[in-house]
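Visitor: Fold the following for me, if possible:
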Amino acid sequence: MSPSLPRPASSLRDVRLRVPAMDCADEVALVRSAVETDAGVVAVAFDLVHARVDLTIDPALTSETQLREAIAKTGLVVEAMPAADAPVAAPRPRARMTDVLVSGTLFFAGWIVDGAAADSWTEALFGHADANALGHAHAPWAVPLYAAAVVVGLWRMWPRALAALRHLRLDMHVLVCLSAAGAAAIGQWAEAAAVAFLFAVAHRLEAWSLERARDALATVARRGVVSAESSQQSAPVERWIERFATIYTPAVTFAAIVVAVVPPLLDGQWAGWFYRALVFLVMACPCALVISTPVTVVAAVTALAARGVVVKGGAPLERAAATTHHTRDAFDAVGVRIASDDDDAATLEAADVVIVAGAPDAETLGLFGRQAAHAVAVIRQNVGISLVTKLAFLVSALLGSAPLWLAVVADTGATVAVTLNGLRLLRLRR
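Guide: Alright, predicted model coming up:
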């Protein structure tokens, strides 16, 4: 947003847009970069659970159409929000698994063709035993299959990667595409296909967790408890992770460039060090770290929503978890309101937590407090898993003991691990 003189509030307009495929913090950052360059944008806020962007604009300088076009250029589809008095829509159909399934099928088909022509299945899976033998000779028909797996697995990411580069951002989309392209460039087609397929799996898991939350909140809204579009407050740890990722990703990417260029000047092993740099590049993707908090918060909020407790994001959960007791203290700390027929929409919107009328106060508040404490504990576990995995493989890459495919499996495995760990909160603790 361009600095400007304060504008009269009466001249400003609020715009609310839905970006259905906005499933992670990298996509939030991409959309932010797209809209904040517009001089007419005064303020912008995001709600990942509802895939929503809230903008305050100066109509004299910009328009909703311009902003929708700017977001669309990132490769993300933009939709108008339904009217406030419109009936709550049925849950959206699940995002298609087609690209994940097709990419995986092509990858495994290429591996089978490779294995049939190789001296052993071990060679087909792991490549040559010699770490410097990077020009792995694939079977003739395996390369087209691997290449198709890359195209299908990453076809949604390429437009977002290009958009991120236009905004001078190094995000997950850029790094994944560069890693796959780099692996293909040195003849490691199987590893390029593994990058594409495994990251497609990780992205689908992320989207699925958010879909669960959206469906649960829509169900609660149909009961008339609270608006399905209630604003969400990001947890402080989410904002810390976003700031950390903006430093970590460029730093590790720069380290990858150093690894690719400096050591070969001394020993002349350009191919070997370039390969190690690709491992660095894969590990520069902060997927597991970025998803670790939103998935956990979404799962915690979803489980509570199914019990008629609507929590407005991660911030109320953190505040409740910080209290000594989990009943009356939680009530005082986070603005809990027991909904009744006399409450209007504005009253319920202002509350941090809304509980269905008639629910037992002590029991429900205790449930909310325990879930909040559990969520914060899981967030800490997930951050630890993410950072330890990154550190271990960055060191292994530098020593040349981590092949690219294993780095991809480790990074994706960490993403899956923190996702599944966070999704445990879909089951409330008694």
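Visitor: How is the residue sitting furthest away from the middle of the chain assigned, secondary-structure-wise?
Guide: Outermost residue of the chain with respect to the C-alpha centroid, by CA atoms, centre = their mean, is Asp119; its distance is 40.2 Å. At Asp119 the chain is in coil, as set by DSSP: H, G, I helix; E, B strand; the rest coil.
Visitor: low-confidence ranges in the stretch 201-350 of the chain?
Guide: The model of the stretch 201-350 of the chain has pLDDT under 70 over residues 206, 209-210, 212-234, 324-333, 339-345, 348.
Visitor: can you give me the strands in it?
Guide: Here the stretch 201-350 of the chain has its strands, by DSSP state E, counting those that start in this stretch, at 309-311, 336-338.
Visitor: Strand partners (parallel or antiparallel) of the first one?
Guide: Looking at strand 309-311 with DSSP bridges, its paired strands and their directions are strand 353-355 (antiparallel).
Visitor: List the buried residues in the next helix-or-strand element following the partner strand.
Guide: Later in the chain than strand 353-355, the nearest helix or strand by DSSP states H and E is helix 361-399. Of all the residues in helix 361-399, those buried under the rule 16 or more other CB atoms under 10 Å are 364-376, 378-379, 381-383, 385-387, 389-390, 393-394, 396-397. The way it works is simple: take the backbone N, C-alpha and C, and place the C-beta from them, glycine included.
Visitor: how close does Arg307 sit to Leu425?
Guide: 13 Å (CB to CB, to the nearest Å).
Visitor: what about the residue farthest from the centre of the chain, distance to His173?
Guide: 37 Å.
Visitor: got it, and Val311?
Guide: 30 Å.
Visitor: try Glu238
Guide: 20 Å.
Visitor: cool, Val290 as well?
Guide: Val290 is 12 Å from His173, by CB to CB.
Visitor: Looking at Glu238 and His173 now, which is surrounded by more residues?
Guide: It is His173, of Glu238 and His173, that has more neighbours when counted by other CB atoms under 10 Å, with 29 against 24.
Visitor: Need the phi and psi values for the more buried one.
Guide: With angles defined as degrees, to the nearest 10, His173 sits at phi -60, psi -40.
Visitor: Show the backbone phi and psi for Gln188.
Guide: Taking degrees, to the nearest 10 as the convention, Gln188 sits at phi -90, psi 70.
Visitor: can you offset everything so residue one is 6?
Guide: Will do, 6 is the new start, and the previous item becomes Gln193.
Visitor: Do I have it right that it meets Ala412?
Guide: No - look at Gln193 against Ala412 with CB atoms under 8 Å: they stay out of range, at 11.9 Å.
Visitor: show me where the stretch 206-355 of the chain has helices.
Guide: Taking DSSP state H, counting those that start in this stretch, the helices of the stretch 206-355 of the chain run over residues 241-272, 275-289, 292-311, 319-326, 333-339, 350-355.
Visitor: Now do the first one against helix 319-326: the angle between them, please.
Guide: Which is helix 241-272. 110 degrees (axes from the mean of the first three to the mean of the last three CA atoms, to 10 degrees).
Visitor: For the strands of the stretch 206-355 of the chain, give me JSON lines that also has distance to Val267.
Guide: As requested, these are exported to JSON lines (distance: least, CB to CB, whole Å):
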{"stretch": "strand 314-316", "distance to Val267": "49"}
{"stretch": "strand 341-343", "distance to Val267": "57"}
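Visitor: what would the ones you listed look like in JSON lines with mean neighbour count and distance to Ala325?
Guide: Below are these laid out as JSON lines (neighbours: other CB atoms under 10 Å; distance: least, CB to CB, whole Å):
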{"stretch": "strand 314-316", "mean neighbour count": "26", "distance to Ala325": "9"}
{"stretch": "strand 341-343", "mean neighbour count": "19", "distance to Ala325": "9"}
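Visitor: Indicate which one of these is closest to Pro408.
Guide: strand 314-316 (43.0 Å; CB to CB).
Visitor: Distance from that closest one to the middle of the chain?
Guide: 22 Å (CA atoms, centre = their mean, to the nearest Å).
Visitor: Ok, stretch 289-304 next?
Guide: 6 Å.
Visitor: Using CSV, write out the CA atom coordinates for it.
Guide: The C-alpha coordinates for stretch 289-304 follow below in CSV (Å, rounded to 0.1, in the frame of the first residue of the first chain):
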residue,chain,number,x,y,z
ALA,A,289,14.1,-24.1,1.6
CYS,A,290,10.4,-24.7,1.1
PRO,A,291,8.9,-23.9,4.5
CYS,A,292,5.8,-26.0,3.8
ALA,A,293,5.6,-27.9,7.0
LEU,A,294,6.4,-24.9,9.1
VAL,A,295,3.9,-22.7,7.4
ILE,A,296,1.1,-25.2,7.5
SER,A,297,1.9,-26.3,11.1
THR,A,298,-0.2,-23.6,12.8
PRO,A,299,-3.2,-23.0,10.5
VAL,A,300,-4.0,-26.7,10.2
THR,A,301,-4.0,-27.1,14.0
VAL,A,302,-6.1,-24.0,14.5
VAL,A,303,-8.5,-25.1,11.8
ALA,A,304,-8.9,-28.6,13.3
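Visitor: Pretty sure Arg312 sits against Leu370.
Guide: No - taking contacts as CB under 8 Å, Arg312 lies outside contact range of Leu370: 11.9 Å.
Visitor: tell me the domain ranges of this protein?
Guide: 14-85, 103-299+385-431 (automatic domain parsing).
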